[in-house]
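Trainee: Let me see the structure of the following:
(one chain, ligands or ions: 2)
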Amino acid sequence: MTETIVVKLGGVASDNLQPTFFEKIRQWQLAGKRVVIVHGGGHYINTMLERLDVVSTFHNGMRVTTKETLDIVKMVLIGQVQPTITSIFQEAGFAAVGLNAMDDRLLTAHSLKETSLGYVGEVVSVNTDFLTQLLNNQQIPVIAPLGITDDSQWLNVNADQTACAIAQSLQADQLYLLTDVPGIKTEAGLLETVKLAEVADLKATGVIKGGMLPKLNSAVTAVIAGVKQVHITNQINQAGTVIHHSEVLVS
Ligand SMILES: Nc1ncnc2c1ncn2[C@@H]1O[C@H](COP(=O)(O)OP(=O)(O)O)[C@@H](O)[C@H]1O
Ligand SMILES: CC(=O)N[C@@H](CCC(=O)OP(=O)(O)O)C(=O)O
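Mentor: Ligands and ions are numbered 1, 2, ... in the order given. Reported below is the predicted structural model:
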């Protein structure tokens, strides 16, 4: 079966796309692999909120999203970050297509139980038929981390969770969560792998904080749901911290 690779570009990672990154994507495509990009953009949202004097807070790595914040999140992600990344891919020679949740109802979501987060959701379904048509046509979907409810209410979704949900739905072979750190750091150094049994301890001891929390949580969920390997790394050519089947031991 054709291999599928999902790459999530964190806000900082997408600012530093090097020729080696595109070389890797090209190699994958030449080898017949299908590539999906999911972008973040949290730090661009922060900048715009500051410019507009809107206070923003995070809880467990998720942005508390009021109605006003949601409008700004949408504006920045779909109006600013996505067209920038899509055009960088096109300039590098790829048939990239910018997509958001409403395109053929690509990503449906429901609100998180933590109602204090406001308009924040998690992806519950992915229109994989639509994505597959693009992928069969050698196109690269570039997807924004937002969802819509069945009633067409937009929700802000963490980009790692979005990427993991898409990887799960496509039963991807690999998921790269490209970020601004080379992997999960501990006092003992960079972790090469994380076992499911270690996750609770890592979180309880405070080693995993902020944006790394949704990243690790989503990675574990994706692997349990059938994604073969998740890499948390800052370079597409480096494995970083790997979460994969043989390491995910349900005790
Ligand atoms: N144990 C950890 N190892 C590495 N980074 C961590 C850890 N705990 C928290 N972090 C933080 O997670 C950040 C990456 O998450 P985030 O800022 O959301 O990035 P992105 O925008 O790429 O998703 C790192 O820059 C770091 O500050
Ligand atoms: C609910 C929630 O926190 N949504 C994120 C969506 C963007 C994102 O996740 O971007 P990065 O991957 O660059 O951090 C936010 O509002 O910042």
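
Trainee: CA only for contacts and neighbour counts going forward, please
Mentor: Fine.

Trainee: Pull up the per-residue confidence for residue 50.
Mentor: Looking at residue 50, its pLDDT stands at 98.

Trainee: quick one: the helices in this structure?
Mentor: 11-15, 19-30, 42-51, 67-76, 82-91, 128-136, 159-169, 196-204, 212-224 (DSSP state H).

Trainee: Check these for me and report the most buried one.
Mentor: helix 159-169 (a mean of 27; mean count of other CA atoms under 10 Å).

Trainee: Check whether it comes near ligand 2.
Mentor: Yes. Judged by CA under 6 Å from any ligand atom, helix 159-169 and ligand 2 are in contact via residue 159.

Trainee: wait, does that helix contact ligand 1?
Mentor: No. Looking at helix 159-169 against ligand 1 by CA under 6 Å from any ligand atom, there are no contacts, and the closest approach is 6.6 Å.

Trainee: from the chain's centre, how far out does that helix sit?
Mentor: 6 Å (CA atoms, centre = their mean, to the nearest Å).

Trainee: could you check the angle helix 42-51 makes with that helix?
Mentor: On the basis of axes from the mean of the first three to the mean of the last three CA atoms, to 10 degrees, helix 159-169 is oriented at 140 degrees to helix 42-51.

Trainee: what are the C-alpha coordinates of helix 159-169, in CSV please?
Mentor: Extracted in CSV, the C-alpha atoms of helix 159-169 (Å, rounded to 0.1, in the frame of the first residue of the first chain):
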residue,chain,number,x,y,z
ALA,A,159,-2.1,21.9,15.6
ASP,A,160,-0.5,18.8,17.0
GLN,A,161,-3.9,17.3,17.8
THR,A,162,-5.1,18.2,14.3
ALA,A,163,-2.0,16.5,12.7
CYS,A,164,-2.4,13.4,14.8
ALA,A,165,-6.1,13.1,13.9
ILE,A,166,-5.3,13.4,10.2
ALA,A,167,-2.5,10.9,10.5
GLN,A,168,-4.9,8.5,12.3
SER,A,169,-7.6,8.9,9.7
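
Trainee: Now do that helix and helix 128-136, the angle between them.
Mentor: 90 degrees.

Trainee: Can you give the contact residues for helix 159-169?
Mentor: 5-8, 10, 38-40, 122-126, 128, 144-146, 174-175, 177, 214-215, 218-219, 221-222, 225-227 (CA atoms under 8 Å, 6 or more residues apart in numbering).

Trainee: Over to stretch 113-123?
Mentor: 59, 62-67, 70, 107-112, 147, 154-158, 161-162, 165.

Trainee: Cheers, nothing more for now.
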